[in-house]
Structures are given as C-alpha cells and as structure tokens.
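**Q** curious how this folds, go ahead:
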Amino acid sequence: MYLSVGIGGIIGALLRFSISQWFLSLDSFLFIGTIFVNLTGCFLLGYLQGISRVYELPGWFVVGIGTGLIGAYTTFSTFSIEVVHYLNQGLIIIAFTYIMVSSVGGYFLAYIGFFLSTYKKREV
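**A** The predicted structure follows:
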C-alpha cells in the first residue's frame, strides 16, 4: 500500500505542478489552476469511490489512486493561502466567489463522479 501511495503521490504532485504552471503561462487569475485541479480531483475521487464498489477494485489500487495520486494532485493548503491573499488585498467578493465555487462545485462534482460510476450497476 505504501508503495502505491508513494508512486501515486509523485504522479499527482507532478500533474498538479504542471497544470498550475500551464495556467500561470496563460496569465490567468492565480486561483484558476487551483480551482481546476481541486474540482477535477473531486470528480475523479467520487468516480473512483463509485467504480471501486462496482468492480471491487483492489484496496492498494484505490488507496494509491485516491490518497496518493488524487491527494497529491488536489491542494487545500494552496486554496487556503490564495483566499488569504485575496482577503489581504481587499478583494472580498473574489475570495468569497472562490470559496463558494470550490466548495459547492467540489461537492457537486464528487457526487456526479460517484453517480456516473455507479450508474451501470443500477442498470443491471
């Protein structure tokens, strides 16, 4: 299990860094890259949890992808410091919007991922 988490963590961290660099190269808002990785991570984790129940995936695989890859890919600490950055600049509406999009969007996409991955099981 530790090996699968470690390998997943390396891949997730590299993906997160690469995506952040790509968004920064587009001169986008500071938080766009973080929103993208956090929301896609919510969807992927929800999908993984559902699909692991449908297909009874091995525990080492689910932990390696969920905790390792997706855990390293998403980042609550970056989200938090970016909110503080906007608050310190007096950008209250942007900070609030960022919090709401990340929170509500994350819950929604985790649900959608779980729903889509378990949809086949309900059809059968």
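
**Q** middle-most residue in the chain, spatially?
**A** Gly41 (2.1 Å; CA atoms, centre = their mean).

**Q** which residues does it contact?
**A** 70, 73-74 (CB atoms under 8 Å, 6 or more residues apart in numbering). From N, CA and C alone the C-beta is placed, and that goes for glycine too.

**Q** residues making contact with stretch 1-8?
**A** 59-61, 63-65, 67-72.

**Q** stretch 45-63 too?
**A** 1, 4-5, 65-66, 70, 74, 109-118, 120-121.

**Q** kindly recompute the last result at 10 Å.
**A** 1-5, 8, 64-67, 69-71, 73-74, 106-122, 124 (CB atoms under 10 Å, 6 or more residues apart in numbering).

**Q** mind checking which of these land in helices?
**A** When helices are assigned by DSSP state H, the members of the contacts of stretch 45-63 inside them are 2-5, 8, 71, 73, 106-122.

**Q** mind checking which helix or strand Gly50 is in?
**A** helix 32-55 (DSSP states H and E).

**Q** could I have the CA atoms of that helix written out in CSV?
**A** Coordinates of each C-alpha in helix 32-55 appear next as CSV, following Å, rounded to 0.1, in the frame of the first residue of the first chain:
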residue,chain,number,x,y,z
ILE,A,32,-7.9,29.2,-11.8
GLY,A,33,-5.3,26.4,-11.8
THR,A,34,-6.1,25.6,-8.2
ILE,A,35,-9.9,25.5,-8.9
PHE,A,36,-9.3,23.3,-11.9
VAL,A,37,-7.2,20.7,-10.0
ASN,A,38,-9.4,20.7,-7.0
LEU,A,39,-12.7,20.4,-8.9
THR,A,40,-11.3,17.7,-11.3
GLY,A,41,-9.9,15.9,-8.2
CYS,A,42,-13.3,15.9,-6.5
PHE,A,43,-14.9,14.5,-9.6
LEU,A,44,-12.1,11.8,-10.0
LEU,A,45,-12.2,10.8,-6.3
GLY,A,46,-16.0,10.5,-6.4
TYR,A,47,-15.8,8.4,-9.6
LEU,A,48,-13.0,6.3,-8.1
GLN,A,49,-15.1,5.6,-5.0
GLY,A,50,-18.1,4.5,-7.0
ILE,A,51,-16.2,2.5,-9.6
SER,A,52,-14.3,0.7,-6.8
ARG,A,53,-17.6,-0.5,-5.4
VAL,A,54,-19.0,-1.6,-8.8
TYR,A,55,-15.9,-3.5,-9.8
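
**Q** fine by me, thanks again.
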